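Engineer: Sequence below, structure please.
(one chain, ligands or ions: 1)
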Amino acid sequence: MEYVTRTGFHDLNLASRKAEEAALRRYVAVAWLETLVGPLGISNQPSEKEFISCLRNGLILCNVINKIQPGAVSKVVESNSHAQSLNREFQPPRAYQYFENVRNFLVAIEDLKLPAFEACDLERDNLEAGSAAKVVDCILALKSYHECKQINCGNANGYYKLTRSPMVMHSATKMQSRALSESCRRLDLSSACDKQPTANGETNKLQDTIVKVLADHMVDTKENIDDNLLGSFNKRNPDSVKLLKKLIASCFDEQLQNNFPELKSVLQDFLKENNGSNLQSIPMPLEDVTSLQCSRARMKKANPNHRHLLKVQEKELLDLKALLSATRREFEDLQSHLQSDLKNLGSQVEEMSTAALQYHKVVEENRKLYNMVQDLKGNIRVFCRIRPSFCAGMRNAVDFIGKDGSVVILDPSKPQKDGRKLFQFNHVFGPSATQDDVFKETQPLIRSVMDGYNVCIFAYGQTGSGKTYTMSGPSEIRSCTSDNGLSLPDATMHTVKSTSDVLNLMKFGEVNRVVCSTALNNRSSRSHSILTVHVNGKDGSGNMLRSCLHLVDLAGSERVDKSEVTGDRLKEAQHINKSLSCLGDVITALAQKNSHIPYRNSKLTLLLQDSLGGHAKTLMFAHVSPEGDSFGETISTLKFAQRVSTVELGAARMNKESSEVMQLKEQIENLKKALANKEAQGTLSYKIKEPKSPFEKQKATMERTPPRTRRLSIENGSSTMKSEKATNLEDRRGPKTPSGPTRARRLSLEDAEAITKQFGNLSNGSSMMENYHSKAPRSPTSSSFQKQALKTDCRTHIPRLQLPKTPDAKVLVTEPCTENRMTNGKGSQIRKSLRTTIGKLISGSEKRNPQNSMELKSPTVGECNNNDVKSPLAANTRAVRRQSLTGIQTSGSDRRSSLGGKPNESSKTMSDNRNAKTPPPVHPSSKTTKRWM
Ligand SMILES: Nc1ncnc2c1ncn2[C@@H]1O[C@H](COP(=O)(O)OP(=O)(O)OP(=O)(O)O)[C@@H](O)[C@H]1O
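Structural biologist: Alright, predicted model coming up:
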């Protein structure tokens with residue numbers, strides 16, 4: 001083993017020395033040639049290849065020999081650049097011409113008896129071993145000859161010495177070649193190895209392997225391992241990289257890798273820098289340890305900045321690694337935080353949804369409780385408002401206003417004690433109360449409207465007491481219309497979406513309201529004004545809520561002797577007072593719980609029937625003027641208000657329609673359509689002759705529905721213009737007619753009811769507004785009386801079943817006949833389904849909407865219908881039928897009768913039907929008219 005190692009080093013030494021010597025000789029030869037012919041254009045330490053290339057054209061050689069021995073080569077083929085510039089057509093010499101140069105040079109050399117070489121030695125790119133050395137020897141021999149000739153003054157024969165030993169030349173040119181020697185020595189492996197003691201067996205083994213590979217390489221390439229090799233590494237010469245890889249592959253094994261980690265890292269860095277290859281993919285990187293150590297030492301010396309940079313970079317790398325791991329940790333923390341946050345969020349959302357559900361429940365509960373409180377407070381409430389006095393010097397009739405709703409009125413003409421009268425109301429607004437104060441107290445009722453209750457707010461009081469001011473606000477926007485330009489337009493309904501829509505509509509209504517100056521009020525309203533806001537909405541469960549708000553600004557009662565009105569104004573005053581007197585009668589009857597309530601005596605009371613005796617919530621503003629001379633009117637007003645406050649209304653009821661009812665209605669509509677389609681197809685041949693004239697119509701109706709004629713005779717009988725007999729008849733029928741909510745009203749507002757509304761504080765909910773406008777009072781016999789019939793029931797928006805007016809109704813009437821003629825069973829099924837559905841609807845929630853069903857009158861049905869009514873003339877069947885059509889409840893009613901009776905009395909009244917004895921009618925103009933006029 002020891003032997004092998006020594007041999008290896010010997011070979012390496014030899015090869016290295018040979019290579020060094022060859023390089024040195026080339027160096028000397030080039031240096032000498034340049035002294036004679038100038039720069040050769042190659043490095044001073046040329047490789048063999050470079051050296052040969054430089055001499056290949058023989059030009060330098062010829063010039064040199066001609067300088068030493070003038071005329072040795074007589075003709076030299078030149079590539080003269082000067083000649084090129086003069087002659088544009090100059091052609092560069094061809095290769096064979098250059099060959100002449102070489103040949104002539106070699107002839108001259110032979111003549112001088114100097115060692116020559118072969119011309120082909122200059123021609124090959126791949127040099128054979130020793131071929132370049134021959135050229136170098138030749139040149140160095142020529143040099144010696146020249147030197148000798150110089151020493152012997154031109155005679156060199158026998159004195160020159162062939163300097164084939166490089167060591168001699170080395171010593172001779174020691175000073176010049178110091179730099180080259182240094183660089184060669186750096187890679188002189190043998191000398192380095194000699195200095196490095198072997199650390200252990202593995203190091204020796206590694207060294208041997210490296211030396212062997214390098215020696216082979218040097219032998220192969222005839223080059224020493226010098227800076228050229230390093231240069232070629234830097235130029236990424238594939239040969240040098242191949243060498244390196246060979247070294248790595250052949251010498252480096254796993255164990256060595258572990259023993260020389262530093263070597264490995266340096267080698268990796270080197271390859272990365274110079275070849276871009278990744279040593280990870282190279283199985284065993286290797287470098288001579290000694291050489292590596294030398295390199296590193298050199299690196300330390302030559303480039304301390306790099307070392308520093310490397311250290312800094314290593315440090316940065318470590319920092320980055322630390323940062324990376326810290327970031328990873330942070331990322332993991334964040335991830336876990338995110339997870340927990342998401343969990344929390346989920347649970348919070350769950351909680352929120354639960355809370356939302358709870359909230360809805362609480363809101364619902366709150367609504368119930370709120371309305372319960374309202375019920376307890378009483379569904380009819382009375383507020384008194386006293387307007388500011390206009391006469392500063394006059395004695396005030398209002399003596400005291402208590403915060404508990406009490407007010408003391410003082411008779412100015414009587415001594416203090418006797419003249420004092422105490423009244424108690426739900427609230428009293430003094431002269432200083434603002435509209436805001438009033439609204440604050442009124443607002444809860446608005447909320448009730450949104451909850452589905454019907455609400456009526458009306459202002460009552462003598463003329464000029466401030467009714468319009470309360471209902472419409474301080475804005476004086478009313479316009480006076482000329483006396484003869486009055487009109488009574490039909491009530492119209494408009495969709496409103498915002499407060500401004502409402503206000504615009506109010507302005508529109510105000511224009512139509514008659515206002516004129518009297519001795520008591522220079523802007524006296526000559527009509528009642530009613531603004532109705534219909535609210536439709538859906539609650540959370542999909543139930544439909546329908547409600548309405550009546551805002552009623554009554555025309556003021558006035559003593560005509562005081563108001564000093566004449567002509568049309570006088571007529572207006574009479575009608576105003578008459579309708580107010582009717583209102584008083586109704587209130588009195590309600591307060592006394594009479595079985596008969598004379599709603600029909602006036603359009604006003606008919607209009608307010610639902611509010612006064614139904615299931616609505618009612619608020620009355622009693623307005624009084626504080627002046628002493630109004631004492632009488634004030635007392636009247638307050639007494640009336642007191643009476644109103646004693647009225648017990650039935651429990652307010654929400655107008656809620658379940659989704660089931662809605663579905664049934666929809667079903668009915670669909671069935672109606674299907675039936676109409678059937679008719680259109682001509683399967684029904686029987687048709688009822690349509691009455692043409694109004695008289696015929698009426699007659700037809702009478703014939704078809706004799707009993708209902710009376711119930712539906714509101715158009716005819718409700719007018720105060722009817723004969724007293726007729727009025728009394730109507731009054732008698734009063735208790736027998738359906739109660740408020742079960743009745744559809746057809747009104748002809750022939751009275752002095754110019755109706756205009758104002759409602760500015762509803763801010764949400766979709767609503768419909770009806771404006772009821774009426775002319776100033778006309779003659780009761782006016783021909784327009786019939787034309788101006790208005791439908792005013794707040795619930796009239798529920799889709800109607802106007803069967804008698806539609807082809808469907810006809811079908812119902814002729815049902816048995818048509819059914820017999822049906823050729824297929826489809827129509828029959830449809831009708832059956834329709835009847836079932838209608839039956840369900842009527843007997844269910846539809847009881848609240850009698851107007852839908854009241855028009856389902858078909859007296860002949862019983863006679864013809866074989867399917868549903870077995871005995872058409874049976875009284876009980878008709879009663880049931882009538883009940884279902886009119887919505888009158890025969891039993892089970894838990895509400896107080898709107899007619900003032902008790903629940904069981906009510907039902908008794910119903911069951912007693914028309915045979916019930918009613919109290920004698922109270923003529924509206926008997927007492928109260930006097931009181932007001
Ligand atoms: N609270 C009040 N504050 C200030 N002025 C008021 C108040 N109430 C009424 N007025 C004024 O009194 C006058 C009469 O009021 P208003 O027209 O409202 O009475 P009215 O009862 O509607 O009369 P009529 O029945 O004749 O129409 C108006 O000029 C009005 O501005």
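
Engineer: okay, now the domains of this structure?
Structural biologist: 2-186, 189-302, 434-477+484-614+617-651, 659-687+798-888 (automatic domain parsing).

Engineer: Confidence-wise, which of those is weakest overall?
Structural biologist: Ranked by mean pLDDT, the domains of the chain bottom out at domain 659-687+798-888, with a mean of 50.

Engineer: From H427, how far off is I60?
Structural biologist: Separation of I60 from H427 (Cβ to Cβ, to the nearest Å): 132 Å. The way it works is simple: take the backbone N, C-alpha and C, and place the C-beta from them, glycine included.

Engineer: Residue numbers of the stretch 351-500 of the chain in contact with the ligand?
Structural biologist: The stretch 351-500 of the chain comes close to the ligand at residues R387, P388, G461, T463, G464, S465, G466, K467, T468, Y469, as judged by Cβ under 6 Å from any ligand atom.

Engineer: cutoff 8 Å now
Structural biologist: Residues of the stretch 351-500 of the chain found near the ligand (Cβ under 8 Å from any ligand atom) are 385-388, 390, 429, 431, 433, 435, 459, 461-472, 474, 476.

Engineer: before we move on, what about the chain?
Structural biologist: Listed as neighbours of the ligand in the chain under the rule Cβ under 8 Å from any ligand atom: 385-388, 390, 429, 431, 433, 435, 459, 461-472, 474, 476, 515, 518, 520-526, 553-558, 623.

Engineer: now do 6 Å
Structural biologist: By Cβ under 6 Å from any ligand atom, the residues of the chain that approach the ligand are 387-388, 461, 463-469, 521, 523-525, 555-556, 623.

Engineer: and these, which are buried?
Structural biologist: With neighbours counted by 16 or more other Cβ atoms under 10 Å, the residues of the chain next to the ligand contain buried members at 387, 461, 463-469, 521, 524-525, 555-556, 623.

Engineer: Can you name the element that comes right after the host helix or strand of S347?
Structural biologist: Secondary-structure assignment from DSSP states H and E places S347 in helix 304-377. Downstream of helix 304-377, the next assigned helix or strand under DSSP H and E is strand 380-386.

Engineer: Neighbouring strands - and their directions - for the very next helix or strand once past that next one?
Structural biologist: Downstream of strand 380-386, the next assigned helix or strand under DSSP H and E is strand 398-401. Paired neighbours of strand 398-401 in the sheet (DSSP bridges): strand 406-410 (antiparallel).

Engineer: Return the strand it pairs with as PDB; C-alpha atoms alone will do.
Structural biologist: The C-alpha coordinates for strand 406-410 follow below in PDB (Å, rounded to 0.1, in the frame of the first residue of the first chain):
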ATOM      1  CA  SER A 406    -110.000  66.900  34.800                       C
ATOM      2  CA  VAL A 407    -111.200  70.300  33.700                       C
ATOM      3  CA  VAL A 408    -113.400  72.800  35.500                       C
ATOM      4  CA  ILE A 409    -115.600  75.100  33.500                       C
ATOM      5  CA  LEU A 410    -116.900  78.300  35.000                       C
END
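
Engineer: now the following helix or strand past it: mean pLDDT?
Structural biologist: Next helix or strand after strand 406-410 toward the C-terminus (DSSP H and E): strand 420-424. What strand 420-424 shows for mean pLDDT is 88.

Engineer: So what touches strand 420-424?
Structural biologist: Outside strand 420-424, the residues within contact range by Cβ atoms under 8 Å, 6 or more residues apart in numbering are 384, 399, 404-411, 635, 638-639, 641-642, 645.

Engineer: can you do 7 Å?
Structural biologist: Residues outside strand 420-424 that contact it (Cβ atoms under 7 Å, 6 or more residues apart in numbering): D399, G405, S406, V407, V408, I409, L410, I635, L638, Q642.

Engineer: So what's the predicted local confidence for the residue in the stretch 251-400 of the chain positioned nearest to the ligand?
Structural biologist: The ligand sits closest to R387 of the stretch 251-400 of the chain, with a gap of 3.5 Å, by Cβ to the nearest ligand atom. For R387, the pLDDT comes out at 90.

Engineer: Can you tell me, leaving aside adjacent residues, what's nearest to it?
Structural biologist: G466 (3.7 Å; Cβ to Cβ, 6 or more residues apart in numbering).

Engineer: In this model R385 seems to touch that neighbour, though I could be wrong.
Structural biologist: Yes: the criterion here is Cβ atoms under 7 Å, and G466 meets it with R385 at 6.3 Å.

Engineer: Just grab the bridge partners of the closest residue to F400 other than its chain neighbours for me.
Structural biologist: Closest residue in space to F400, ignoring its immediate chain neighbours: V408 at 3.9 Å, by Cβ to Cβ, 6+ apart. Here V408 shows beta-bridge partners F400, L422, assigned using DSSP bridges.

Engineer: quick one: contacts for V408?
Structural biologist: D399, F400, R420, K421, L422 are the contacts of V408 under Cβ under 7 Å, 6+ apart.

Engineer: Dump these to CSV, plus neighbour count.
Structural biologist: Listed next are the contacts of V408 as CSV, based on neighbours: other Cβ atoms under 10 Å:
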residue, neighbour count
D399, 16
F400, 12
R420, 14
K421, 17
L422, 12
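
Engineer: Could you report the distance from L619 to the ligand?
Structural biologist: According to Cβ to the nearest ligand atom, to the nearest Å, L619 and the ligand sit 17 Å apart.

Engineer: helix, strand or coil for that residue?
Structural biologist: Secondary structure, DSSP: H, G, I helix; E, B strand; the rest coil: L619 is strand.

Engineer: and it, how many neighbours does it have?
Structural biologist: 21 (other Cβ atoms under 10 Å).

Engineer: gap between it and V535?
Structural biologist: 17 Å.

Engineer: Could you do L55 as well?
Structural biologist: Applying Cβ to Cβ, one obtains 116 Å for the distance of L55 from V535.

Engineer: about what we covered before: could you list which of the buried ones among the residues of the chain next to the ligand belong to strands?
Structural biologist: The strands, defined by DSSP state E, take in G461, S524, S525, H623 from those.

Engineer: Select, from those residues, the two members most distant in space.
Structural biologist: Distance extremes for these: the farthest pair is S524 and H623 at 13.3 Å, using Cβ to Cβ.

Engineer: Narrow the residues of the stretch 351-500 of the chain next to the ligand to those in helices?
Structural biologist: Residues of those located in helices (DSSP state H): Q435, K467, T468, Y469, T470, M471, S472.

Engineer: what's the most distant pair in those?
Structural biologist: Taking Cβ to Cβ, no two of these sit farther apart than Q435 and K467, at 13.2 Å.

Engineer: What residues sit buried inside stretch 537-557?
Structural biologist: Those would be 537, 543-557, for stretch 537-557 by 16+ other Cβ under 10 Å.

Engineer: So which of those is the closest to the ligand?
Structural biologist: So of these, ranked by how close each gets to the ligand (Cβ to the nearest ligand atom), first place is G556, at 2.4 Å.

Engineer: thought that closest one was touching K467?
Structural biologist: Yes: with contact defined as Cβ under 7 Å, G556 and K467 form a contacting pair (6.2 Å).

Engineer: can you list residues touching both of these two?
Structural biologist: Counting by Cβ under 7 Å, 6+ apart, the shared contacts of G556 and K467 are G461.

Engineer: residues touching G628, list them.
Structural biologist: G628 sits next to M394, R395, N396, A397, P412 when contact means Cβ under 7 Å, 6+ apart.

Engineer: Export those as CSV, with columns for pLDDT.
Structural biologist: As requested, the contacts of G628 are exported to CSV (pLDDT from 0 to 100):
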residue, pLDDT
M394, 74
R395, 77
N396, 82
A397, 84
P412, 78
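
Engineer: which stretches of the stretch 301-450 of the chain have low pLDDT?
Structural biologist: Applying pLDDT under 70 to the stretch 301-450 of the chain flags the ranges 301-304, 377, 415-417.

Engineer: Repeat the analysis, applying 80 as the threshold.
Structural biologist: Within the stretch 301-450 of the chain, the ranges that satisfy pLDDT under 80 run 301-307, 367-368, 370-379, 391-395, 412-419.
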